[in-house]
Every structure is written in C-alpha cells, then in structure tokens.
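> based on what follows, work out the 3D shape:
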Amino acid sequence: MAACQEDDVSDISVSDSEYNLSSDEVDSSSEGSGDKEDDRSSEGSKGSDSSSCLGNRGTTLVSTRSRAVDKVPLTSIKKRRKDISSVPEMEDYFSRSSSKAVTSDHTLNRLKTPRLAQGRLQHLLGKIEPSHKNAINSLRKEHESQFHKWMLALREGFSVILYGVGSKRILLQRFQDECLRDKPVLMVNGFFPSLTIKEMLDSITDDILELENCPVNVHECIDRIELEFRSDPQLELYFIIHNIDGPTLHTHKNQEILSRLARVDNIHLVASVDHINAPLIWDQKKLSRFNFLWWDVTSLLPYTSETSFETSMLVQHSGAVALASLRNVFQSLTSNARQIFLIVAKYQLNNKSNSSYTGLPFRDLYWQCRESLLVSSDLALRAQLTEFLDHHLVKYRRSIDGSELLNIPVDHATLTQFVDQQEK
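Numbering: from 1, shown residues only. Modelled structure (predicted):
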C-alpha cells in the first residue's frame with residue numbers, strides 16, 4: 001500500500017506537468033496506461049493489489065486531465081464569437097441595400113381590353129349617371145340663389161372667388177347666362193395647357209376695347225388697358241376665369257398681371273380654384289389687389305372639362321391628338337421661337353435612321369440659330385428653350401460627357417406631318 005501511495009503521488013506530480021501536453025500525447029499516455037493495466041491484471045497473487053492501485057491511478061489521471069481542460073480561458077472564446085457574429089450583420093446590410101426592388105408586373109398592357117381612344121373613353125364615361133342626384137340638385141339650387149349676392153359684391157369693388165369640392169364650370173356658366181346676359185364678358189379656361197397671358201390681354205384690347213396699334217410688351221399693354229378703363233367710367237368688363245390656379249396661370253408673373261386687372265374699378269373678376277394649396281400663390285400685395293370674397297360652392301360634380309387635357313393611362317394617345325396639341329402650342333410661340341423649334345425638328349428627322357442618336361447638342365443648335373440671325377447670344381437661346389420646356393415641346397438631358405442634348409418627344413411620323421404642314 002505504501003508503494004501504491006508513492007505511485008499515486010508520483011502520478012499526481014506528473015499529471016500536473018501534463019497541462020501543457022497536446023491532445024495526442026494525452027491519448028497515447030492513456031492507451032499506455034490501459035495496456036499496463038491489462039498486463040498487471042493477468043498476474044496471480046499481485047493482481048488485486050495492482051489493479052486497485054492502477055484503478056486509483058487511472059482515476060487520478062482522468063481528474064487531472066479534466067481540470068486541465070476546464071482551465072482554458074472563456075473570455076477569448078466569447079470575444080472571438082462576438083467578432084465573427086458582427087461581420088455577417090454588415091454583409092447582410094449591404095446585400096439588402098444593393099438588391100433590386102421587386103415590383104409588380106401587373107400593368108395595363110397585360111389587360112385583355114386595350115387602351116381606349118379619347119372619344120371612346122369620353123363616350124363611356126358620359127353614360128355613367130352621377131349618384132346622389134337629389135343632393136347635387138339641392139346644392140346647385142342653393143348656390144344659384146346666391147347669384148344676387150355675387151353681383152352686389154362685384155359692384156362694391158370685390159372679386160368673387162369660388163372654392164369647394166366638385167367642378168364649378170357649370171355654375172359659372174349659369175351665372176353668366178342669368179346675370180351677365182347683356183354685359184361684356186370675357187371667359188378664360190385656365191386649365192387649358194397652351195393658354196398664355198398675352199392671349200388674354202389681346203382679347204381685351206382687340207375684342208372689348210377695339211384698340212389699334214396695341215403695344216407688344218405685356219406691361220405696356222396692361223398700362224394701356226388700365227388707362228382706357230379709367231378714362232371711361234361707363235365701360236365695364238366681367239372677367240370670368242375657370243381655374244385661376246391652372247398650370248399656365250399660377251406663376252408669379254401671370255398672377256401679378258391678373259391682380260393689376262382686378263384692381264381696376266371697371267373690371268369685375270369672378271374666378272374658381274380647385275387646388276387645396278391655391279392660396280399659397282398670392283402674397284399680401286396680390287391679395288390686396290384682388291380683394292377676394294370667398295364662397296364655398298361645393299357641387300360634387302366630376303371634373304370632366306378640367307381634366308380633359310390631362311394625360312390618362314386609360315387613353316391611347318394617337319398621332320392625331322399629339323399633332324393637334326403640338327399645333328396649338330406652336331401657334332402661341334413667337335416667330336423666332338417657331339424657327340428655332342423647326343431647326344430642332346428637322347435635325348431630329350434627318351437623324352431618325354441613326355440608332356445611336358440621342359438628341360441635338362446645344363452648341364450645334366446655338367451656331368445654327370446664330371447663322372440664321374435668330375438669336376444673338378447664348379442667354380437668348382436658353383430663354384427660348386425655357387419656353388419650349390414649359391410647354392413640354394422639348395426634353396432636355398445631359399449625356400455622359402456632360403453635353404446638353406435636346407429632343408422632341410413625338411414619334412417620327414407625327415413630327416414629319418407637322419413639319420410638312422408648317423412648310424406649306
């Protein structure tokens with residue numbers, strides 16, 4: 001037993017030094033001890049004593065090795081796991097950000113029913129009967145009973161402006177028929193896309209005042225109109241504007257001119273607005289000139305006429321419609337602007353067979369216009385192009401090298417027909 005105890009002590013001392021051994025060495029030592037245990041168990045008289053000693057020795061070795069494994073530091077393992085887990089999170093973020101957004105392919109082109117022509121769509125919409133007829137008729141009668149109040153406000157120097165949900169076009173036409181039948185009236189459709197302020201002033205000078213040699217400049221023309229109306233107190237004009245907040249009238253310049261007309265005592269303004277943010281187009285100076293009285297005339301009628309010039313996804317845009325729109329806008333341009341537009345159109349038609357054609361460079365257009373004595377400077381040409389862009393006659397883009405390119409967004413057949421009509 002003393003020998004066994006000595007062996008145990010020596011084994012413990014050796015096992016303490018095995019903390020730095022590799023796993024292979026530990027396995028080999030365990031196998032060696034197992035072989036020795038088998039050999040000693042085969043002996044006769046010393047078998048039991050030696051087996052008990054070896055058993056204690058094996059237990060001591062296992063316990064010391066387990067303590068060696070338990071002493072491995074866990075902080076380094078946790079830190080390593082934390083560093084590894086943070087890398088996939090960043091990769092997932094960039095992979096999600098770089099992936100393309102998945103959109104639905106259920107478009108109108110997949111419908112069995114093709115897009116309709118403008119006339120066909122209007123015909124089908126006309127067959128739809130409005131709901132709540134009784135409520136709409138009661139609203140109309142209530143608004144018509146206020147016509148005498150509108151006339152009183154106009155005579156007292158106020159301008160009447162109508163707001164509310166629903167189209168107000170029919171109501172204004174009824175007001176004109178009932179109250180302004182024998183009076184000079186100028187009605188303007190502000191929702192018309194090619195309407196210009198010069199056309200409105202020309203209608204006043206030519207049709208109402210019947211003036212000759214009217215100034216071409218807009219500000220000089222408005223000065224002449226103010227002078228004529230103030231010199232003759234008996235002369236009156238009732239000015240009705242559908243959608244004074246329309247796309248061509250809501251600019252600062254046009255609203256300034258309209259406010260000057262409304263300031264004249266003999267000019268009585270009746271207008272309608274449909275946009276919810278329409279009051280934002282007027283500052284305090286313009287509001288003092290207009291001198292509005294606001295009337296809620298909610299009619300709940302559809303905006304059929306107001307939206308007739310809007311682009312609809314249900315309408316098949318034919319060449320005839322595009323050609324008529326192009327012709328109407330072209331007629332409102334100056335002579336120099338027309339020539340510049342024709343230069344862009346002819347250049348685009350000459351390059352229609354070129355598959356790599358992306359547009360007319362601005363520098364080439366400038367030199368062609370200068371040779372034709374249409375513009376005298378770069379700024380003058382840009383001013384003309386601004387008018388084209390406002391009327392959506394020309395699209396502007398930049399190429400890869402930074403050059404400015406101009407293109408007319410009309411198909412070649414329609415553009416060819418338009419150019420042929422202008423050259424006749």
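
> in a strand, Val160, correct?
Yes. Applying DSSP: H, G, I helix; E, B strand; the rest coil, one finds Val160 inside a strand.

> isn't it right up against Ala262?
No. Judged on C-beta atoms under 8 Å, Val160 makes no contact with Ala262 at a distance of 10.6 Å. For the C-beta atoms, the positions are set from N, CA and C on the backbone; glycine is no exception.

> which residues do the two both contact?
Taking C-beta atoms under 8 Å, 6 or more residues apart in numbering as the contact definition, Val160 and Ala262 share the neighbouring residues Leu269.

> tell me how far Val165 lies from Trp282.
In this structure, Val165 and Trp282 are 21 Å apart, going by C-beta to C-beta, to the nearest Å.

> again, but for Leu186
Using C-beta to C-beta, Leu186 is found at 21 Å from Trp282.

> show me which of those two is the more surrounded one.
Neighbour totals were compared for Leu186 and Trp282, and Trp282 leads with 20 against 16 (other C-beta atoms under 10 Å).

> ok, the closest residue to that one other than its chain neighbours - contacts?
In space, and not counting its chain neighbours, Trp282 is closest to Gln255: 6.5 Å by C-beta to C-beta, 6 or more residues apart in numbering. Applying C-beta under 8 Å, 6+ apart, one finds that Gln255 lies in contact with 249, 281-282, 286.

> can you pick the most crowded of those residues?
When neighbours are counted by other C-beta under 10 Å, Leu249 leads the contacts of Gln255 with 23 neighbours.

> all strands for this structure, in order.
Using DSSP state E, the strands of the chain run over residues 159-163, 185-189, 237-242, 267-272, 292-296, 360-361, 395-398, 404-407.

> reformat those strands as JSON lines; add distance to Leu209.
Formatted as JSON lines, the strands of the chain follow (distance: least, C-beta to C-beta, whole Å):
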{"stretch": "strand 159-163", "distance to Leu209": "20"}
{"stretch": "strand 185-189", "distance to Leu209": "11"}
{"stretch": "strand 237-242", "distance to Leu209": "9"}
{"stretch": "strand 267-272", "distance to Leu209": "11"}
{"stretch": "strand 292-296", "distance to Leu209": "25"}
{"stretch": "strand 360-361", "distance to Leu209": "43"}
{"stretch": "strand 395-398", "distance to Leu209": "39"}
{"stretch": "strand 404-407", "distance to Leu209": "40"}
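
> so how many other residues sit close to Leu405?
Neighbours of Leu405 (other C-beta under 10 Å): 16.

> repeat that for the one 3 residues further on.
By the criterion of other C-beta under 10 Å, Ile408 has 22 neighbours.

> wait, it sits on Gln348?
Yes. Ile408 is within contact range of Gln348, at 5.7 Å (criterion: C-beta under 8 Å).

> which residues do these two both contact?
Common contact partners of Ile408 and Gln348 (C-beta under 8 Å, 6+ apart): Leu415.

> how about stretch 187-202 as PDB, C-alpha atoms only?
Provided in PDB are the C-alpha atoms of stretch 187-202 (Å, rounded to 0.1, in the frame of the first residue of the first chain):
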ATOM      1  CA  MET A 187     -64.400  83.900 -70.100                       C
ATOM      2  CA  VAL A 188     -61.000  82.200 -69.800                       C
ATOM      3  CA  ASN A 189     -60.300  78.500 -69.300                       C
ATOM      4  CA  GLY A 190     -57.300  78.400 -67.000                       C
ATOM      5  CA  PHE A 191     -56.900  74.600 -67.300                       C
ATOM      6  CA  PHE A 192     -56.100  74.900 -71.000                       C
ATOM      7  CA  PRO A 193     -52.400  73.800 -71.200                       C
ATOM      8  CA  SER A 194     -51.400  76.200 -74.000                       C
ATOM      9  CA  LEU A 195     -53.100  79.300 -72.600                       C
ATOM     10  CA  THR A 196     -50.900  82.400 -72.400                       C
ATOM     11  CA  ILE A 197     -51.400  85.700 -70.600                       C
ATOM     12  CA  LYS A 198     -50.700  87.600 -73.900                       C
ATOM     13  CA  GLU A 199     -53.800  85.900 -75.500                       C
ATOM     14  CA  MET A 200     -55.900  87.200 -72.600                       C
ATOM     15  CA  LEU A 201     -54.700  90.700 -73.000                       C
ATOM     16  CA  ASP A 202     -55.100  90.600 -76.800                       C
END
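
> what does it rub up against?
Contacts of stretch 187-202 (C-beta under 8 Å, 6+ apart): 172, 176, 186, 214, 218, 221-222, 225, 239-249, 253-254, 257-258, 305-307, 309, 325, 328-329, 332, 391.

> buried subset of those?
Among the contacts of stretch 187-202, the ones that count as buried by 16 or more other C-beta atoms under 10 Å are 172, 176, 186, 214, 221-222, 225, 239-246, 248-249, 254, 257-258, 306, 325, 329, 391.

> circling back to that earlier point, restricted to helices, list the contacts of Gln255.
Lys286 (DSSP state H).

> okay, who's weakest in the contacts of Gln255 by pLDDT?
When those are sorted by pLDDT, the bottom entry is Leu249 at 89.

> how about the closest residue to that one other than its chain neighbours, phi and psi?
For Leu249, ignoring the flanking residues on the chain, the nearest one in space by C-beta to C-beta, 6+ apart is Gly190 at 4.8 Å. When read as degrees, to the nearest 10, the backbone of Gly190 gives phi -70, psi -10.
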